[in-house]
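> I would like the atomic coordinates for the input below:
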Amino acid sequence: MKSIVLSILLGSCLVPAVQAQNYVSKVWVADQGNGTYKNPVLYADYSDPDVCRVGDDFYMTSSSFGCLPGLQILHSKDLVNWSIVSAAVPRSLAPHTDVAPQHGNRVWAPCIRHHDGEFYIFWGDPDQGIFMTKAKDVKGPWCEPVLVKAAKGIIDTTPLWDEDGRVYLAHAFAGSRAGLKSVIAVCELSADATRTIGPSRIVFDGHEAHETCEGPKFYKRNGYYYIFHPAGGVPTGWQVVLRSKNVYGPYEWRTVLAQGNTTVNGPHQGGWVDTPSGEDWFLHFQDVGAAGRLVHLQPMKWVNDWPVIGEDKDGDGCGEPVLTYKKPNVGKTYPVCTPQESDEFNTNELGLQWQWNANINDKWYFADQEHGVLRLYSYPVPENYKSLWDVSNMLLQKFPAPSFNATMKLKFSPIAKYKGERTGLVVMGMDYAGIVLENTENGLVLSQVECKKADRGGQETVNETLPLKENEIYLRAEITTTGEKISKSEGGHDLIVMCQLSYSTNGKKFHKFGKEFQVKEGKWIGAKVGTFCTRPAITTNDGGWVDVDWFRIDK
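Residues are numbered from 1 along each chain as shown. From the prediction side, this is the model:
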C-alpha cells in the first residue's frame, strides 16, 4: 500500500487502543431504563457522525479537525449506549509539522465502513485531499493513512463497494478552498480503495433547491444508488436523499427529515444503519452553539424505496425529529453505559476521552500509574504567543451535558530558577476562561483569567487574583445551560451556556472566583474543558510540572 507522510494528522500502527470501561455518566444518560431513550443520545460534540454495523456491534466516528487523538471511535450494542473504544488517528508520524494548533483544519467529516473483514475510514482534509485508514480490529492498530487523492477543497468523502467489484466514492466541495460548494460529486477508486482512477463527476447541483448540500453518505439498496446528504446550512438545514439506478445519475431527490414543529434545529448530516432484526435507524447531529454538535438517533423506515426519517405525522414523506422513542430492537437489553468522562489517572495511558489541542509531543506528560497521577511537564509557549488559543499542549475533553461540574485536584511544582510557569483549569473556545496558578516573583498566585476573541488574537484579562501559600488546590468549573438565543449571523438556534469558576483548599468548601463567563464554541467544535502546563518561550533545559490527581465530571 502506497502511503504518504505530509503535514497531516497521521495515524500510527504502533499505538494500542485503551480498553473502554463500562462508564456511566452522572450528568447525561440517554437510556431511560424503561425500554425508551431520549435525544440527544450523546450530549457531546461528535460532529458529522457516521455509523456502521458489524454483526451485533455498532461503530461510530466523527470529525476531529485538529484535535488529537483524532477520529475517536465509539462502540454500542443498541445505538443508545456508547463507549469510546479507540482512535483511528492516535498521533502524527511527522512531529516536526503541525506543531501549532490546527483549529478547524485537518480531519473533516469521516465515513466508517466495514468491507471484506476490514474497517475503513475515509475523510477529507480540505487543504490536502482524500485520506483513508483501515484496520482489521476497530481497536487498532490502524494503518498509516493513505492519500487517496491529492486535492484542495474535497471534503465529506464516502465510499461504496458495488456488487461487480468496482469501488466508488461520493464527496462534496468546501467553498472556502475549492471556490465551489452546494454540489455532490462521484469518482471511481481502485479495487483496493487506495487511489482514484477517474475524475470527479458532479452528479447533483443543489444551488437552487438545496444550497450548501454537503456531507454525503453513499449506499445501495434494491438496485438504487442512494446519496444521503444535508442541505441548508448547519444551524438550520434539513436532510435530503438522492436516488438513481445509475451511479452517475441522473438523481432524483426528496427531503426526508426537517425540524418541522420540533425544537431540534438543523437535523441533518449523519448515517443510516440497520439492526440484525431488520429495523432502520439514522444518527445525525444538532448544532446548539457553545456545546457543539450533539448526536440524535431517529427511527427510519422505507416507503416505496424512499427513506422516511423521524416521525412523519402528516404522511408527506418528510419526518420530524423525535425527543423520546422506544429503543432499537437488538434482541436483548444491554447495560447502560456512556462515553468516558471522569479520570482518576490510575493507569499508564491517557483515557480515550482526552484530546490534545495539536500534534502530540511525547515530552508533554507522564501517566504515572504507580502514584495515580497524570504529570504534565511545563512546555514553552510559542514565540508569537498571545493566549492559550496558541498553545498545543492543552489537554481537553468535550462537554458531556447541558449542565455539569468539572473538578480537578492538582499539585503544582514549578521550578524555582525562573518565573512564569502556569497551570490550571480552562474552559476553552474562541472565547475562553480559566482559573490559573502561576509562579511569580511574589510566589504562587491564583488568577481568574478571561480571553475574548482568542481566535482573532485577543489577549487575556485578569478578573481576580489571590496569593497562595500551598501548591495543592482543587479547581472547579460549574457549567450551566440557561436558555436559548437566536444567532443573528447564521439564523441559528444557540443555547446560552454560562461558566462560574471556583477553588477550594480542602476539597469541601469551594469559593467562587472571578466573573461568570459566557461559554463560546471553538472553531467547528464545541467548547472543551481541561488543563495545561506551560512556561514562557525562553531557552532552558528543564522546567516544572503539575501532578493532576483526578479530574471528575459531576452534578
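> so which elements touch the helix or strand bottoming out on mean pLDDT in the chain?
Least confident helix or strand, the chain: strand 472-487 with a mean of 87, by mean pLDDT, DSSP states H and E. The helices and strands touching strand 472-487, judged by 3 or more Cβ pairs under 8 Å, 6 or more residues apart in numbering; DSSP states H and E, are strand 404-413, strand 422-428, strand 432-440, strand 492-504. (Glycine included, C-beta is placed from N, CA and C.)
> tilt between the third one and strand 404-413?
In other words, strand 432-440. 20 degrees (axes from the mean of the first three to the mean of the last three Cα atoms, to 10 degrees).
> what is the following helix or strand past strand 432-440 packed up against?
Using DSSP states H and E, the helix or strand that follows strand 432-440 towards the C-terminus is strand 443-451. Using 3+ Cβ pairs under 8 Å, 6+ apart, the elements in contact with strand 443-451 are strand 432-440, strand 461-467.
> export the longest one as PDB, just CAs?
Okay, so that is strand 432-440. This file holds the C-alpha atoms of strand 432-440, laid out as PDB (Å, rounded to 0.1, in the frame of the first residue of the first chain):
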ATOM      1  CA  TYR A 432     -12.200  31.200  27.000                       C
ATOM      2  CA  ALA A 433     -11.900  31.500  30.700                       C
ATOM      3  CA  GLY A 434      -9.700  29.800  33.300                       C
ATOM      4  CA  ILE A 435      -8.600  29.600  36.900                       C
ATOM      5  CA  VAL A 436      -4.800  29.600  36.700                       C
ATOM      6  CA  LEU A 437      -1.900  29.100  39.100                       C
ATOM      7  CA  GLU A 438       1.300  31.000  38.200                       C
ATOM      8  CA  ASN A 439       4.700  31.100  39.700                       C
ATOM      9  CA  THR A 440       5.500  34.800  40.000                       C
END
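> check which helices and strands that strand sits against.
Packed on strand 432-440, when contacts are counted by 3+ Cβ pairs under 8 Å, 6+ apart, are strand 404-413, strand 422-428, strand 443-451, strand 472-487, strand 492-504.
> at 10 Å what do you get?
Counting by 3 or more Cβ pairs under 10 Å, 6 or more residues apart in numbering; DSSP states H and E, the packing neighbours recorded for strand 432-440 are strand 404-413, strand 422-428, strand 443-451, strand 461-467, strand 472-487, strand 492-504, strand 517-518, strand 528-535.
> relative to that strand, what are the paired strands and their orientations?
strand 422-428 (antiparallel), strand 443-451 (antiparallel) (DSSP bridges).
> can you check the last one too?
Listed by DSSP bridges, the sheet partners of strand 461-467 and their directions read strand 443-451 (antiparallel).
> and the strand it pairs with, C-alpha only, in CSV?
Extracted in CSV, the C-alpha atoms of strand 443-451 (Å, rounded to 0.1, in the frame of the first residue of the first chain):
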residue,chain,number,x,y,z
GLY,A,443,5.3,33.4,44.9
LEU,A,444,2.3,31.4,43.7
VAL,A,445,-0.7,33.4,42.5
LEU,A,446,-4.2,32.2,41.7
SER,A,447,-5.9,34.2,38.9
GLN,A,448,-9.2,34.0,37.1
VAL,A,449,-8.5,34.9,33.5
GLU,A,450,-10.7,35.6,30.5
CYS,A,451,-9.9,36.0,26.8
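> tell me how far it lies from the chain's centre.
In terms of Cα atoms, centre = their mean, to the nearest Å, the centre of strand 443-451 is set 29 Å apart from its chain centre.
> can you check stretch 335-342 too?
Using Cα atoms, centre = their mean, the offset of stretch 335-342 from its chain centre is 16 Å.
> do the same with stretch 351-362
On Cα atoms, centre = their mean, the centre of stretch 351-362 falls 13 Å from that of its chain.
> mind putting the helices and strands packed on strand 443-451 into CSV with mean neighbour count, mean pLDDT and distance to Trp123?
Formatted as CSV, the helices and strands packed on strand 443-451 follow (neighbours: other Cβ atoms under 10 Å; pLDDT from 0 to 100; distance: least, Cβ to Cβ, whole Å):
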stretch, mean neighbour count, mean pLDDT, distance to Trp123
strand 432-440, 24, 98, 27
strand 461-467, 13, 98, 38
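> turn the helices and strands packed on strand 432-440 into CSV, including distance to Asn34.
Listed next are the helices and strands packed on strand 432-440 as CSV, based on distance: least, Cβ to Cβ, whole Å:
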stretch, distance to Asn34
strand 404-413, 24
strand 422-428, 34
strand 443-451, 43
strand 461-467, 45
strand 472-487, 25
strand 492-504, 27
strand 517-518, 36
strand 528-535, 31
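> ok, which of these comes nearest Asn393?
For these, proximity to Asn393 was assessed by Cβ to Cβ; strand 528-535 is nearest, at 6.1 Å.
> need the CA coordinates for the helix or strand following that closest one. CSV is fine.
Following the chain from strand 528-535 toward its C-terminal end, the next helix or strand by DSSP H and E is strand 545-554. This file holds the C-alpha atoms of strand 545-554, laid out as CSV (Å, rounded to 0.1, in the frame of the first residue of the first chain):
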residue,chain,number,x,y,z
TRP,A,545,5.3,20.2,36.4
VAL,A,546,1.8,19.7,37.7
ASP,A,547,0.5,16.4,39.1
VAL,A,548,-3.2,16.0,38.4
ASP,A,549,-4.6,13.6,41.0
TRP,A,550,-8.0,13.3,39.4
PHE,A,551,-10.5,15.1,37.1
ARG,A,552,-14.2,14.5,37.8
ILE,A,553,-17.4,15.3,36.0
ASP,A,554,-20.4,15.5,38.4
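> between strand 432-440 and strand 545-554, find me the angle.
150 degrees.
> now strand 545-554, how far from the chain's geometric center?
Relative to its parent chain, strand 545-554 has a centroid offset of 22 Å by Cα atoms, centre = their mean.
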